[in-house]
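Participant: the following comprises the amino acid sequence and a computationally predicted model.
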Amino acid sequence: MKFIDEFRDGELARGLAAAIGQAARGGRDYHFMEFCGGHTHAIARYGVSDLLPDNVRLIHGPGCPVCVLPIGRIDMAIRLAVDVGVTLCSYGDPLRVPASGGLSLFKAKARLGSGRGASGDIRMLYSAADALALAQQQPDRQVVFFAIGFETTTPPTALLIKQARALALTNFSVLCCHVLTPSAIASILESPEVRRWGTVPLDGFIGPAHVSTIIGTRPYEFFAEEYRKPVVIAGFEPLDVMHAILMLIEQVNSGRAQVENEFSRAVSRDGNRKAQQLVSEVFELRRSFAWRGLGELPYSALRIRREFAAFDAERRFAVAYQPVDDHPACECGAVLRGVKRPQECRIFGSVCTPENPVGSCMVSSEGACAAHYTFGRFADAAVAP
Amino acid sequence: MSGVRQGYVRPLDLKQGVVDLTHGSGGRAMAQLIDELFARRLGNDYLGQRNDGALMPMPAGRLVMSTDGHVVSPLFFPGGDIGCLSVNGTINDVAVLGATPLYLAAGFILEEGFALADLARIVDSMARAAADAGVPVVTGDTKVVQKGAGDGVYITTTGVGVVADGEDFSGDRAQPGDRIIVSGGIGEHGMAIMAQRESIGFAAPIVSDTAALHRLIAAMRASGAAIRTLRDPTRGGVATTLNEIARQSRVGMMLHESALPVQPEVAAACEFLGLDPLYVANEGKLLAIVAPADADRLLAAMRAHPLARDAALIGSVHADHHHFVQMTSSLGGRRIVDWLTGEQLPRIC
C-alpha cells in the first residue's frame, strides 16, 4: 500500500535499529515516555521494543482517551440512558469500560432491551456524524453523543454542535469529555515520582502527531524549556516511532532539550488555525476535570460554551459528575502515570483480561494493559522458538 | 355458470408483493409461497416429496452434520448475498471435516413486510449455489415474525455429508514442525461487507470470497499430502481460527506477516477502518495444517485449483505449553496474534 508500506519497511527498520544501537551510549539508560495510546499500540503491534537495545526503554503514558476517563464519567453516560431515557451514542471502546455497580455501558445496553419500563437506548457508532443523523431521524427522542478524546477529536465535535445549531435541532446534545494533552504531560512532569523521588526516570517524550496537526508543536516548547525534557512529535507508523527515538537519544547525548518535529509531513509549529478557531468558538476550558490515575487537574479539559448550552447534555439533563474510587486491586492509575508496567499489576492477565476488564487500560486497544496482553505477553513467559 | 375457475389461485406478486403474517401461518398462503417461490427454484426430487422431512439414500461412511445461522447485513453485497452465503457456508463446515457434502436443509425467518422480489432473488441465488455445488436443498421451513422483530430475512442451513473411515481432519492433530497454509487472500468477505456499510468506494469494489470449498478440498486430499487439520476461517478470521487449533492441539504457532496474502484493496480498507485483516471474516478460504515434508506438494495442488491460486505458506507449528499464536512483523519485531476480543464486526455472516 502506497504511503503506508514505506513506513513499515523491514529493511529501513533494521537500519534505524542499528543507528539507535550506535547512538545509545553504554553505561547509561534512556527512558522515553510515549504519551499517546496510538504509539503504545503501534509499538506493541509491530514489536518495536524488540528492535531496541536493552538500555533504551519506553514508558507508556496516559494518552489513551478511554483509559483516562474516570468511572464517574461513564456513570454519567449510563445515567443519561437508564434514568433520563435518552439515546446515548458512543464509540465502541467506552462501552466496555467497567462503571459503578458492576455495570458498563454495554451491560446497561443489554438490560435496557429487557423492556422493564426504561425507554433509553445505547448505540455504538463509528462516526460522530452518525449521532446527528440519528437525531434527525428520530425527532421525538433525545440523542446524546458521548464525546471523548484529546485535541484530535475536538474539532469534529465542535463542528457537530455548530451543525446541530444550524439545523435548529432541539433533541441533540453532547456529553463533553474532551481532554487536553499538555495538561496531562504537565501533570506527569509535576508528579512526585518524576520530580521529587525520581522513581520514574524520564529523559524525554514522544509526542502524538495527530494532536499536533491541530495544536502544532508550540505548546510543547514550555516543557522543553521549563523541565529540560526533549520532545519529538512523531507519527504512528513504527518507523516514525523509531526515528523519534533516535532523535531523542541524539538530543539527550548532546544535552539539548528541544521540541523537534519528526512528522513534518503534516505537523507545523502553529498547527491548524482553522480547527483551533472552531474549537475555541464552541468550547472553553473547564476549571478542573477528574482524570483516572492523574486525579483532578486544573484547566485540563473542555466544556461547551454558554452560547451553545442547549447542546450541552450536562446542562440540559442536570447530570453531575460524582467521583467513584477505582477497584482497589486495579493499578490503572499507576500504569497511566508511568509508575508501573502493566505486568506489575497483581490482577493483570488473571482477574483482569480484555474479556473481563477490571480497569480501563485493559479495554481500549490503545490501553497499555490491553496492548501488552494482546501483543506482548509472550515476552513475560519463556516461549519457544 | 359460475365464474369460479377450478383450482385457480392468483399467483404471488413477485414484483410488488411483500411477506405478510399469513405466509407463516401454515395455511394456503404459506403453501403458495412454498410452491411458487421456494419449490420452483430449489426444486429436486427430495424436496418434491412434500413431506415434513426428506427421505434420502445414504452412502457408506460416517455421517457429518453441521448447522449455521446467517444474519448478514446488508443482505446483498458485492460478490454475493445471504442466499449463496448460507449454502456455501454450511457446505464448507461439512467439507473441512473431510466429508463429501450431500444434502442441505434451510430454515427461513422472514420479517413481515419483506419484499417478495428480494426473497425470490435470494432463493434464486441459493438455488444457483446449490446446483453449482451439486448439493441439493432437500427440506426447509418458513416462519414469519412481526415487523420490527427481525431484519428482512435470517436463514439457517444445516448440511449433512459422509466421510470415509480413516479420514480425520479434526483440529487436535497439529504437531510441532507442521506447516500452516492459507488458500488465498484474507479478509475479503468481511471487508466487502464493511466497505458497503461504511460506503467506502474503491475503483474496483472489494468482492466477497463466498465459495463452496468441497472440490478444492477433494483436490487437496487427492494430492496425497498428510493433511492434519482443515478449517474455514470465518468469523474472527485467520487469527481466531489458528488460536482455536492451537488450543485444541496444545501447540504454539509462528506466522510471518510478510507471507500473509492480503489484496491491496482489503489492506487499504482495513487501514482506513483500523481493522486487522487477520481478524476479518472469510467465506471462501481455508487453513490447512500439513506435515512439513508434504507442504510443497499440497501448496502446488492448491495453486492448481481456481479457488486457491494465491495459496501461501504463512507459518509453522511448534511446541508451546502457552498455546500462543505469534507473528514476526514485517518490521522484524515479534508479537502475539491473540484471540479476538469483543465483537469486531457484528452481523458479518
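Facilitator: Here it is on my side, so go on.

Participant: CA only for contacts and neighbour counts going forward, please
Facilitator: Will do.

Participant: next, the buried residues of stretch B:298-306.
Facilitator: Applying a neighbour-count criterion of 16 or more other C-alpha atoms under 10 Å in any protein chain shown, one finds B:298-305 buried in stretch B:298-306.

Participant: make TSV out of those and add distance to chain A, secondary structure and pLDDT.
Facilitator: Below are the buried residues of stretch B:298-306 laid out as TSV (distance: C-alpha to the nearest C-alpha, whole Å; DSSP: H, G, I helix; E, B strand; the rest coil; pLDDT from 0 to 100):
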residue	distance to chain A	secondary structure	pLDDT
B:L298	25	helix	98
B:L299	24	helix	98
B:A300	28	helix	98
B:A301	30	helix	98
B:M302	27	helix	98
B:R303	24	helix	98
B:A304	27	coil	98
B:H305	27	coil	98
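
Participant: can I get these in a markdown table with distance to B:D178?
Facilitator: Shown next, in a markdown table, are the buried residues of stretch B:298-306 (distance: C-alpha to C-alpha, whole Å):
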| residue | distance to B:D178 |
| --- | --- |
| B:L298 | 12 |
| B:L299 | 13 |
| B:A300 | 17 |
| B:A301 | 17 |
| B:M302 | 17 |
| B:R303 | 19 |
| B:A304 | 22 |
| B:H305 | 22 |
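
Participant: gap between A:Q22 and chain B?
Facilitator: Distance of A:Q22 to chain B, given as C-alpha to the nearest C-alpha, to the nearest Å: 18 Å.

Participant: can you give me the distance of that residue to A:P53?
Facilitator: Going from A:Q22 to A:P53 by C-alpha to C-alpha, to the nearest Å gives 9 Å.

Participant: repeat that for B:I91.
Facilitator: 51 Å.

Participant: ok, those two, which is more surrounded?
Facilitator: B:I91 (32 against 17; other C-alpha atoms under 10 Å in any protein chain shown).

Participant: ok, that one - contacts?
Facilitator: Contact analysis of B:I91 by C-alpha atoms under 8 Å, 6 or more residues apart in numbering or on different chains lists B:101, B:159, B:212-214.

Participant: can you pull out the strands in the chain?
Facilitator: Just going to use chain A. A:30-36, A:56-63, A:87-90, A:121-124, A:143-149, A:172-178, A:204-208, A:231-234, A:259-261, A:283-285, A:288-291, A:295-298, A:302-304 (DSSP state E).

Participant: other chain: chain B
Facilitator: B:62-70, B:76-77, B:80-81, B:100-111, B:137-145, B:153-163, B:179-182, B:227-231, B:252-256, B:287-290, B:312-318, B:325-328, B:334-336.

Participant: which strands and helices lie in contact with the third one?
Facilitator: The reference is to strand B:80-81. With contacts defined as 3 or more C-alpha pairs under 8 Å, 6 or more residues apart in numbering or on different chains; DSSP states H and E, there are no secondary structure elements packing on strand B:80-81.

Participant: format the strands of chain A as CSV; extra columns: mean pLDDT, mean neighbour count and distance to chain B.
Facilitator: Formatted as CSV, the strands of chain A follow (pLDDT from 0 to 100; neighbours: other C-alpha atoms under 10 Å in any protein chain shown; distance: least, C-alpha to the nearest C-alpha, whole Å):
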stretch, mean pLDDT, mean neighbour count, distance to chain B
strand A:30-36, 94, 24, 16
strand A:56-63, 92, 24, 15
strand A:87-90, 95, 26, 15
strand A:121-124, 91, 21, 11
strand A:143-149, 96, 25, 16
strand A:172-178, 97, 25, 21
strand A:204-208, 95, 28, 17
strand A:231-234, 96, 28, 18
strand A:259-261, 94, 24, 23
strand A:283-285, 97, 18, 28
strand A:288-291, 95, 20, 25
strand A:295-298, 92, 15, 29
strand A:302-304, 97, 24, 27
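
Participant: wait, which of these is closest to A:I188?
Facilitator: Nearest to A:I188, of all the strands of chain A, is strand A:56-63, at 8.6 Å by C-alpha to C-alpha.

Participant: and stretch B:285-304, how far from the chain's centre?
Facilitator: On the basis of C-alpha atoms, centre = their mean, to the nearest Å, stretch B:285-304 sits 21 Å off its chain's mean C-alpha point.

Participant: could you tell me the end-to-end distance of that stretch?
Facilitator: Stretch B:285-304 has an end-to-end distance of 15 Å (criterion: C-alpha to C-alpha).

Participant: for stretch A:170-185, same thing?
Facilitator: Using C-alpha to C-alpha, the span of stretch A:170-185 from its first residue to its last is 38 Å.
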